[in-house]
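Undergrad: Sequence below, structure please.
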Amino acid sequence: MLASDPGASIASIAAEAGVDRRTVYRRFASREDLLAAIYVSRLEAIERAIEDARLREAPVAVALHRYVENIIAVNRMWPVDLTRMLADDAVRERREVSRREVDRFLQRATDEGVLRPASPEGWAAALLPQLMHLVARQMPHLSPAQAADLVVDTFLNGLGAR
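TA: Purely as a prediction, here's the structure:
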């Protein structure tokens, strides 16, 4: 609900969840507390997705597919406004750690010849999340695994070594 209407009220969120707004307020003192909990949950899911992908030790193609599949699932489960999410300093700092881990993985993919080294610096790191976001939103009929197949194929054939 917050993905489609970031300004949704606690009352409308409660109604959508099938509970009374007092139930929501018993758990969250304010709308900001609810949003903070959502952001932390999304961030924790991202961290688990990265850990599960084994970006440092799994073969690049395996790790890439696992990471993309996991992140597509996270994007679908927690479709929140990242701009608002990253406005929180603590969340932004934790997200930065995850971003650096993915950057190291993309550098490893380049070093191992899976990605072209001639791409402008940062291009792969900018393109991959956009592809995942696009398929997560525009192709809901695809399972996360099928969506990952499409993203990885597009990513590697567009940036793959020649």
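
Undergrad: Low-confidence regions, the protein specifically.
TA: For the chain, the stretches with pLDDT under 70 are 159-162.

Undergrad: Just give me the residue closest to the centre of it.
TA: Closest to where the C-alpha atoms of the chain average out (CA atoms, centre = their mean) is I71, at 4.5 Å.

Undergrad: Can you tell me which helices and strands the strand or helix carrying it packs against?
TA: Using DSSP states H and E, I71 falls within helix 60-77. Counting contacts by 3 or more CB pairs under 8 Å, 6 or more residues apart in numbering; DSSP states H and E, helix 60-77 packs against helix 31-53, helix 89-111, helix 123-138, helix 144-159. The way it works is simple: take the backbone N, C-alpha and C, and place the C-beta from them, glycine included.

Undergrad: now it against helix 144-159, angle please.
TA: Interaxial angle, helix 60-77 versus helix 144-159 (axes from the mean of the first three to the mean of the last three CA atoms, to 10 degrees): 130 degrees.

Undergrad: Now do helix 60-77 against helix 89-111, angle only.
TA: Going by the same axes, to 10 degrees, helix 60-77 makes 150 degrees with helix 89-111.

Undergrad: Pull the distance from helix 60-77 to the chain's centre.
TA: Helix 60-77 has its C-alpha centroid displaced from the chain centroid by 8 Å (CA atoms, centre = their mean, to the nearest Å).

Undergrad: buried stuff in it?
TA: For helix 60-77, a neighbour-count test (16 or more other CB atoms under 10 Å) marks 60, 63-75 as buried.

Undergrad: Could I get the CA-only coordinates of stretch 21-37 as CSV?
TA: The C-alpha trace of stretch 21-37 is given here as CSV (Å, rounded to 0.1, in the frame of the first residue of the first chain):
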residue,chain,number,x,y,z
ARG,A,21,-5.9,1.5,13.7
ARG,A,22,-5.5,1.2,17.5
THR,A,23,-3.9,-2.2,16.8
VAL,A,24,-1.3,-0.5,14.6
TYR,A,25,-0.7,2.2,17.2
ARG,A,26,-0.2,-0.4,19.9
ARG,A,27,2.8,-1.7,18.0
PHE,A,28,4.0,1.6,16.4
ALA,A,29,3.8,4.9,18.2
SER,A,30,3.7,6.9,15.0
ARG,A,31,3.6,6.6,11.3
GLU,A,32,7.3,7.3,11.2
ASP,A,33,7.9,4.3,13.6
LEU,A,34,5.9,2.1,11.2
LEU,A,35,7.9,3.3,8.2
ALA,A,36,11.2,2.8,10.1
ALA,A,37,10.2,-0.8,10.9
